[in-house]
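[1] Following is a predicted model, sequence given first.
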Amino acid sequence: MLLAFSVAPSGTPAGGSRPTDASVHDAVAAAVRIVRESGLPNRTDSMFTTIEGEWDEVFDVVKRATEAVGEFGSRVSLVIKADIRPGYKGELSAKVDRLEEDLADGS
């Protein structure tokens, strides 16, 4: 499965207010750190982090990343999109490779 997710905090953290900077950089960094430490194939862009793996392992990582972001606010927004295709691996890159090949061929 490929699972793309975006997670962001809002509200005031339980431990008090943070600086008035509207950036969620620290929270996103905490989530991405968990994804990268999972050892699962992953890619982060400006909007989403995509993970590849089996259902339970992918959702475990998303849960832990969401919990980490929860430390930065009183609420968490989580957006998930999944491509569930049993029997396929390496699709994190292979899907894009196939697209680029088609574009290069003029198809």
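    Noted; the coordinates are in hand. Residues are numbered from 1 along each chain as shown.

[2] From the chain's centre, how far out is the least confident helix or strand in the chain by mean pLDDT? Work that out for me.
    Taking all helices and strands of the chain together, the one with the lowest average confidence (mean pLDDT, DSSP states H and E) is helix 91-105, at a mean of 92. The offset between the C-alpha centroid of helix 91-105 and the centroid of the whole chain comes to 21 Å, using C-alpha atoms, centre = their mean, to the nearest Å.

[3] From the contact counts, what lies against that helix?
    Using 3 or more C-beta pairs under 8 Å, 6 or more residues apart in numbering; DSSP states H and E as the contact criterion, the elements in contact with helix 91-105 are strand 2-10, strand 49-52. In this view, the C-beta of every residue, glycine as well, is placed from N, C-alpha and C.

[4] and of these, who's closest to residue 59?
    Among the helices and strands packed on helix 91-105, the nearest to residue 59 by C-beta to C-beta is strand 2-10 (7.7 Å).

[5] what's next to that closest one, contact-wise?
    When contacts are defined by C-beta atoms under 8 Å, 6 or more residues apart in numbering, strand 2-10 is touched by residues 24, 27-28, 31, 47-52, 58-59, 62, 65-66, 69-83, 85, 91-92, 95.

[6] after that strand comes which helix or strand?
    The element immediately downstream of strand 2-10 (helix or strand, assigned by DSSP states H and E) is helix 25-37.

[7] Could you list the buried residues of that following helix?
    Neighbour-count burial for helix 25-37, counted by 16 or more other C-beta atoms under 10 Å, picks out 27, 28, 30, 31, 32, 34, 35.

[8] quick one, that helix and strand 2-10 angle?
    Computed with axes from the mean of the first three to the mean of the last three C-alpha atoms, to 10 degrees, the direction of helix 25-37 lies at 150 degrees from that of strand 2-10.
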